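have a look at this fold, sequence not included:
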């Protein structure tokens, strides 16, 4: 008969060093939390200021290319004229047409900068009137605002309403708030729709197109187009150079205030990036890039709006993103 064996005790050579009290804390965010890298890169690139040496280099290069092109065109035309007068005259006429087109484009860019300066000066005048509580200055500002929107058919009813009620306002806040309600409310709604469309496009391209640099290109083009459209909505139509300058102003403001950084508040506010990133990192990046695009749009509204926000609240980025992305990644995905 075999003898009964008792329990076996195995002694450990040394006790474990880690205990629940000394174990390191669990990290708050997952290591693959989406960061909106495309939008952050685009914002930094757009806000970067060129150095004096860089401006000198590009200016000299453009001058050299222009000089070489003009000499080549001169030799080309004189050569044609010497061989065939009719063909040379046609070439000369075409060159003159190109030069006229270049002058017209340059004049359009100058006019675009003038419109942007006009809206910007109106914005600063309204802020000064609010700070000083100057009713007379506020009346001047609203008069300039009516002139700015004089030919806008979509604001005809608002202009009529404002004209009927502006005499009742006896304080600065009330007068500017009335102008904001009657003249700018429809424009704010149109600008919000542009922001939602741009956020939706950036999010969709980031999530669905797995090509390198596709999200960066989509973010750059969508944000440039969005900022230009917002400027046009508020009456500050910008040309190519004006749009780029406006984009630099908006991005510089965002980078300086840290608004392009992805914070827990933004992700937690609509519970999108963190949840979607567990299913697909691309979806999470898409949501975050869309949210950052909405932030850019709201900043563009503040820059392009001829009046500061007086009674109306600045649009909520969370609400814009929810409306833009609802149904894009499934119900409740935003």
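That came through, no problem. Please read all numbers here as calculations on a predicted model, not as lab measurements.

stretch 233-248: end-to-end distance?
End-to-end distance of stretch 233-248 (C-alpha to C-alpha, to the nearest Å): 19 Å.

do stretch 303-320 as well
18 Å.

state the mean pLDDT of it.
Taken as a whole, stretch 303-320 has an average pLDDT of 84.

next one: stretch 64-76
Here the average pLDDT along stretch 64-76 is 88.

kindly report the same for stretch 154-169.
pLDDT averaged over stretch 154-169 gives 83.

just the residues contacting it, thanks.
139, 142, 146, 149-150, 152, 175, 178-179, 182-183, 185-187 (C-beta atoms under 8 Å, 6 or more residues apart in numbering). In short, each C-beta sits where N, CA and C put it, glycine included.

where along the chain do the helices fall?
Secondary structure of the chain (DSSP state H): helices at 37-47, 52-83, 85-132, 135-148, 156-165, 172-179, 185-208, 214-233, 240-257, 264-270, 273-279, 281-304, 317-325.

out of those helices, which comes closest to residue 311?
helix 172-179 (4.0 Å; C-beta to C-beta).

the closest one vs helix 85-132, what angle?
In terms of direction (axes from the mean of the first three to the mean of the last three C-alpha atoms, to 10 degrees), helix 172-179 departs from helix 85-132 by 140 degrees.

hmm, back to that, could the helices of the chain go into JSON lines alongside mean neighbour count and distance to residue 310?
Converted to JSON lines, the helices of the chain look like this (neighbours: other C-beta atoms under 10 Å; distance: least, C-beta to C-beta, whole Å):
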{"stretch": "helix 37-47", "mean neighbour count": "20", "distance to residue 310": "28"}
{"stretch": "helix 52-83", "mean neighbour count": "11", "distance to residue 310": "39"}
{"stretch": "helix 85-132", "mean neighbour count": "14", "distance to residue 310": "7"}
{"stretch": "helix 135-148", "mean neighbour count": "18", "distance to residue 310": "10"}
{"stretch": "helix 156-165", "mean neighbour count": "14", "distance to residue 310": "14"}
{"stretch": "helix 172-179", "mean neighbour count": "20", "distance to residue 310": "5"}
{"stretch": "helix 185-208", "mean neighbour count": "22", "distance to residue 310": "12"}
{"stretch": "helix 214-233", "mean neighbour count": "22", "distance to residue 310": "18"}
{"stretch": "helix 240-257", "mean neighbour count": "18", "distance to residue 310": "20"}
{"stretch": "helix 264-270", "mean neighbour count": "16", "distance to residue 310": "25"}
{"stretch": "helix 273-279", "mean neighbour count": "18", "distance to residue 310": "33"}
{"stretch": "helix 281-304", "mean neighbour count": "27", "distance to residue 310": "13"}
{"stretch": "helix 317-325", "mean neighbour count": "21", "distance to residue 310": "20"}
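
so where is the stretch 151-300 of the chain shaky, pLDDT-wise?
Applying pLDDT under 70 to the stretch 151-300 of the chain flags the ranges 212, 238-240, 242-243, 251-282.

a markdown table for the helices of the chain, including distance to residue 311?
Below are these laid out as a markdown table (distance: least, C-beta to C-beta, whole Å):
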| stretch | distance to residue 311 |
| --- | --- |
| helix 37-47 | 30 |
| helix 52-83 | 43 |
| helix 85-132 | 11 |
| helix 135-148 | 14 |
| helix 156-165 | 14 |
| helix 172-179 | 4 |
| helix 185-208 | 10 |
| helix 214-233 | 20 |
| helix 240-257 | 23 |
| helix 264-270 | 24 |
| helix 273-279 | 33 |
| helix 281-304 | 15 |
| helix 317-325 | 18 |
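
what's the closest non-adjacent residue to the one residue sitting closest to the centre of the chain?
Of all residues in the chain, the one closest to the mean position by C-alpha atoms, centre = their mean is residue 296, 3.7 Å from it. With sequence-adjacent residues excluded and distances taken as C-beta to C-beta, 6 or more residues apart in numbering, residue 296 is closest to residue 223, at 5.4 Å.
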